[in-house]
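> test case, fold it:
(chains A and B)
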Amino acid sequence: MNMESTNPRIVDPNDADFRQKFIDLIETGTPIVFVVLGDDADRQQLANLATKRARGHSGQNERIVAWVKDHDLLKDECLKYLKTASETAVKPDKTFDETTYEKVMAFVLSPVWHETKYIFKEGDVVDNFSVVDAYWIASLKEREKVDPPATT
Amino acid sequence: MKYSYIFLPLFTLFSLSAFSQVFKIYELDRYTKDSTIAPIKNGSFADINSTLYITFDKLVIAEAIRDFTGNDTMSLDQLKQLKIVLANQVNIMEGFKAYNKEKSLESLNSLAEQMTAFMREARQYPDIRALFNQYSDAYDNKYSASEQDQAGTNGIPYLEEYIFTEMAKRAADLSQQIQAGLSNGDVRFRLSGRLSTDNGERDIKLSDDFDTFAADVFTVPRWQATMTAEGQQQLQDIAGLSLRLNSLMDVKGQDIKNWLADSFGAEDCLKDMENRLLSIPQVVASIVPALAQRAKALAEQPYQQAKKLSDEYANNIAASPGVTSVELLEGFNSRLQGTMDSIKTLISSMDNNLITMLKNEVPRDTQITAFITTFNSCKQSLLADRSKLLDITGRLSLLFSNSKKAAKASSGLSDQVRRLSFDAIPDESFIDLRNSGQRTNGDQLKIRAILESVADGSATPIRKTIEQRMFTLQQIGMYSILKPMMLLAAPNGSGDNVDLAGKNFQFAPSYSILFKFGSRKSKVFNDILQPGFGVNFGALDFNTDAVPEFGAALEFTFLRDYFSGGYGYNFGADKDYFFIGFRLPIGAIPLPIFNEVQAK
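Below is the predicted model:
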């Protein structure tokens, strides 16, 4: 991962532990993680805006921007998260269609359950408004996390 | 002039087409029997004793007002923008939790529901989205990345606060623009009635609907006629939101005030410090008598500062009579800086002087230790007060002051919206012709609908007649008159009592009771032919002995009674006769038999 630990956190494919670090980034603590996939001009703009809007906000949760410049580098892990997408995130579909993965520019994960709450696809309007909207939708209250029952 | 055949076609030109008439006039009795009856047209006849029933087409009036005023309406998008911004302001204010001493007033930090609701609604309006983006960029330009990382402290607002305060300013601007549009010229809708007779013209009394208003005028705010139904609904919604926002400003301001009162955590410790500073010189004197004077001198200034600070705390949280909570907050923010400077001065003064002396020059004693411990604890409270109050009140003041501007500006809109409604123009009205004074067959009544506007600063109104009806008053159906006539009577043959000295005809005065029929349709019939039939009573003298003989005859008149003819019987001469007659240049007297002209 990016040694700076500041946004955007760019996934380094040369890091032996990049997969685990990516998962740890998302699942450690309760940050809202904005994951950008790819490296074309639109995605660069999206990463830039996501980084700006990760600052100066009045939300309770830290906002992290993770940038996976190679779209296929963490495909399995990203698909795992994308499949948790809410109906609102994948409207008008009911669930995330895996075949559309290449068109995904970014997705935003909720802080507690790490579920996808917003997806940016190619052709979507990318501006401050949509990025802030994505962060706030991910900030909405989630169901309470309950410890699993004891097995012994 | 009474006969206006030349002018009637011109009047017709003033009327709107049959499909879009400002008003329609009916005779009430006929309309009551048959509501499908055609209205009175220009150049037609109306019963001279009827009650006229007028219906108004307000859509047509609104269209006429739009044409008259140039249709420069305010933008519907402006209204929609203002509505969404005000709704957002209301949501934010409503989002402040009711005051609870146990909870932090940090609802600004849990804006997720409000933000997503705002974004969802704003998504439909490209202008709002553009504003959001514009304000976001302005925030980035104003505050560096490192400053944004400190948002919420040192007076640096969060992005959402910044955007919403800018939105509040935008709401205030929009409100002022829209209010200027609403205020831009009222239009007066006027109805006038005028009767043309042989003796000239005069105004006539219209119905009570119009006569209760000055000069038969309805003053209509132009926006009510020029704005679409959707626009008017938006305006009504804005007025409602404005009222809600103004109400919330006071309610939530009270919450802030209550929270402030409990947030001054150092108030009690300051009082304690005051007392301890009074007693510390004696404590030092009992331990190190040589330091007594110096301790007293070093304690004097902090004591005065602590006392002053206590007073400032008390003043800051005390409610001033007649000051609203929001004003208190705004005023407090400016006084707060002085209070915070006092805190800073007290702490540094104590730290640098008295505490240093106590720590370094006075042997530890329980009282000295307690004093230092109390000071350190109070210092933390003071610093916490300073930090919290500077940040939060600064932010809240920013939010409230801008929301207050928006609320105040939009409240002017509410007043405008509540003004006389366009709907106050009646849908129908009545004119009782019997209340219009003296009138005769052939008099013409002109009813006009006029729009009038007065440009700012001008004494001369601009007027436009948008509809006119001119029609003739006529006794319709059977009516009766008494009319003096001059006869040329010719006895039918000779007789003992007939001696006209060789002449065939004899002039004789007479009067006729005539029954006429007024046509609703034919001018020629009413104004020219005007036939009548009736009875003629003449003072004949067939035997020329200068003693009048009474004659009665059946009579038929035509050409407005200028000519008549008949057959009768001379009772004095016992002789029948024929006659032709001419009317005398004296007016007829209506008889109370069939439809006399009534005047009240």
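> buried residues in the helix or strand of chain A with the lowest mean pLDDT?
Least confident helix or strand of chain A, by mean pLDDT, DSSP states H and E, is helix A:87-90 with a mean of 82. Residues of helix A:87-90 classed as buried by neighbour count (16 or more other C-beta atoms under 10 Å in any protein chain shown): A:89-90. Where you see a C-beta, it was placed from the backbone N, CA and C, and this is true even at glycine.
> same question for stretch B:47-65.
B:47-54, B:56-58, B:60-65.
> look up how far chain A lies from residue B:571.
106 Å (C-beta to the nearest C-beta, to the nearest Å).
> so the residue nearest to that residue when sequence neighbours are not counted bridges to which residues?
Nearest residue to residue B:571, sequence neighbours excluded (C-beta to C-beta, 6 or more residues apart in numbering or on different chains): residue B:550, at 5.0 Å. The partner list for residue B:550 in beta bridges (DSSP bridges) reads residue B:539.
> please name the residues that touch residue B:550.
B:537-540, B:570-572 (C-beta atoms under 8 Å, 6 or more residues apart in numbering or on different chains).
> how about residue B:533?
Residue B:533 sits next to B:514-515, B:554-557 when contact means C-beta under 8 Å, 6+ apart.
> now the contacts of residue B:550 in TSV, with distance to residue A:127?
Formatted as TSV, these follow (distance: C-beta to C-beta, whole Å):
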residue	distance to residue A:127
B:537	101
B:538	104
B:539	106
B:540	109
B:570	111
B:571	111
B:572	113
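> got a winner among those residues for most neighbours?
residue B:538 (28 neighbours; other C-beta atoms under 10 Å in any protein chain shown).
> distance check, that residue against residue B:471.
38 Å (C-beta to C-beta, to the nearest Å).
> helix or strand: which one has the nearest residue to residue B:305 once chain neighbours are set aside?
Once flanking residues are discounted, residue B:305 sits nearest to residue B:346: 4.4 Å by C-beta to C-beta, 6+ apart. If you go by DSSP states H and E, residue B:346 is part of helix B:325-349.
> buried stuff in the longest strand seen in chain B?
When chain B is scanned for its longest strand (criterion: DSSP state E), the result is strand B:477-491. The neighbour-count check on strand B:477-491 (16+ other C-beta under 10 Å) flags B:479-481, B:483, B:485-487, B:489-491 as buried.
> OK, contacts around the nearest residue to residue B:484 once chain neighbours are set aside?
Of all residues not flanking residue B:484 in the chain, residue B:584 sits nearest, at 4.4 Å (C-beta to C-beta, 6+ apart). By C-beta under 8 Å, 6+ apart, the residues touching residue B:584 are B:483-486.
> tell me which of the contacts of residue B:550 is nearest to chain A?
residue B:537 (97.8 Å; C-beta to the nearest C-beta).
> between strand B:477-491 and the strand or helix carrying that closest one, find me the angle.
Using DSSP H and E, residue B:537 sits in strand B:532-540. Put simply, strand B:532-540 runs at 40 degrees to strand B:477-491, going by axes from the mean of the first three to the mean of the last three C-alpha atoms, to 10 degrees.
> where does residue A:97 fall, phi/psi-wise?
phi -90, psi 110 (degrees, to the nearest 10).
> now it: closest residue in space that isn't a chain neighbour?
residue A:90 (7.7 Å).
> wait, the one you found sits on residue A:98?
No: with contact defined as C-beta atoms under 8 Å, residue A:90 does not reach residue A:98; the gap is 11.5 Å.
> sec struct for residue B:381, please.
The assignment at residue B:381 comes out as helix when based on DSSP: H, G, I helix; E, B strand; the rest coil.
> for it, grab the count of nearby residues.
Residue B:381: 18 neighbours (other C-beta under 10 Å).
> if I look at it, how far off is residue B:274?
Taking C-beta to C-beta, one finds residue B:381 at 14 Å from residue B:274.
> write out the residues of chain A neighbouring chain B.
Taking C-beta under 8 Å from any C-beta of the partner chain as the contact definition, chain A meets chain B at A:52-53, A:55-60, A:127-129, A:132-133, A:136-137, A:139-141.
> and with 7 Å instead?
Residues of chain A that fall close to chain B, judged by C-beta under 7 Å from any C-beta of the partner chain: A:52, A:55-58, A:60, A:127-129, A:133, A:136-137, A:139-140.
> buried ones only from those, please, as a ChimeraX command.
In ChimeraX, this line selects whichever of the residues of chain A next to chain B come out buried by 16+ other C-beta under 10 Å:
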select /A:52,55,56,57,58,127,128,129,133,136,137,139
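> out of the residues of chain A next to chain B, which two sit at the greatest distance?
Farthest apart among those by C-beta to C-beta are A:60 and A:127. That separation is 24.1 Å.
> where in the stretch 201-350 of chain B is pLDDT low?
The stretch 201-350 of chain B contains residues with pLDDT under 70 at B:205, B:207-228, B:252-265, B:316-337.
> and the closest residue to residue B:44 other than its chain neighbours, what's its pLDDT?
Among residues not flanking residue B:44 along the chain, residue B:471 sits closest, at 5.1 Å (C-beta to C-beta, 6+ apart). Note for residue B:471: predicted pLDDT of 93.
> residue B:471: what's it in contact with?
Residues near residue B:471 by C-beta atoms under 7 Å, 6 or more residues apart in numbering or on different chains: B:40, B:42-46, B:444-445.
> now intersect these with the strands, please.
Going by DSSP E, the strands hold B:45-46, B:444-445 from these.
> nearest to chain A among these?
Among the ones in strands among the contacts of residue B:471, residue B:445 lies closest to chain A (C-beta to the nearest C-beta), at 64.2 Å.
> any idea whether residue A:56 is helix, strand or coil?
On the basis of three-state DSSP, residue A:56 is classed as coil.
> that one against residue B:158, yeah?
Yes: applying C-beta atoms under 7 Å, one finds residue A:56 in contact with residue B:158, separated by 5.9 Å.
> can you list residues touching both of these two?
Common neighbours of residue A:56 and residue B:158 (C-beta under 7 Å, 6+ apart) are residue B:151.
> mind listing the helices for chain A?
For chain A, the helices defined by DSSP state H cover A:18-27, A:41-53, A:75-82, A:87-90, A:128-139.
> I should have written the stretch 101-250 of chain B there, sorry.
B:112-122, B:126-142, B:145-149, B:159-183, B:208-211, B:222-226, B:229-263 (DSSP state H, counting those that start in this stretch).
> so which of those is the most packed in?
Burial of the helices of the stretch 101-250 of chain B is given as mean neighbour count (mean count of other C-beta atoms under 10 Å in any protein chain shown); helix B:222-226 ranks first at a mean of 24.
> before we move on, back to that, tell me the pLDDT at the residue nearest to residue B:571?
94.
> next, work out how far apart residue B:453 and chain A are.
42 Å.
> hmm, residue B:347 is touching residue B:382, no?
Yes: Residue B:347 is in contact with residue B:382 according to C-beta under 7 Å; the separation is 6.2 Å.
> higher neighbour count, the two?
Using other C-beta under 10 Å as the criterion, residue B:347 and residue B:382 rank with residue B:382 on top: 25 against 19.
> wait, isn't that one in contact with residue B:348?
No: Residue B:382 is beyond contact range of residue B:348, at 11.3 Å (criterion: C-beta under 7 Å).
> minimum distance to residue B:509: which of the helices of chain A has it?
That would be helix A:128-139 among the helices of chain A, by C-beta to C-beta, at 100.2 Å.
> may I have the closest one exported as CSV, CA atoms only?
Once non-C-alpha atoms are left out, helix A:128-139 reads as follows in CSV (Å, rounded to 0.1, in the frame of the first residue of the first chain):
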residue,chain,number,x,y,z
ASN,A,128,-18.5,17.0,-5.9
PHE,A,129,-22.2,16.4,-5.6
SER,A,130,-22.2,12.7,-6.5
VAL,A,131,-19.1,12.0,-4.4
VAL,A,132,-20.5,13.7,-1.3
ASP,A,133,-23.8,11.9,-1.9
ALA,A,134,-21.9,8.6,-2.0
TYR,A,135,-20.1,9.3,1.3
TRP,A,136,-23.3,10.3,3.1
ILE,A,137,-25.3,7.4,1.8
ALA,A,138,-22.6,5.1,3.1
SER,A,139,-22.8,7.0,6.4
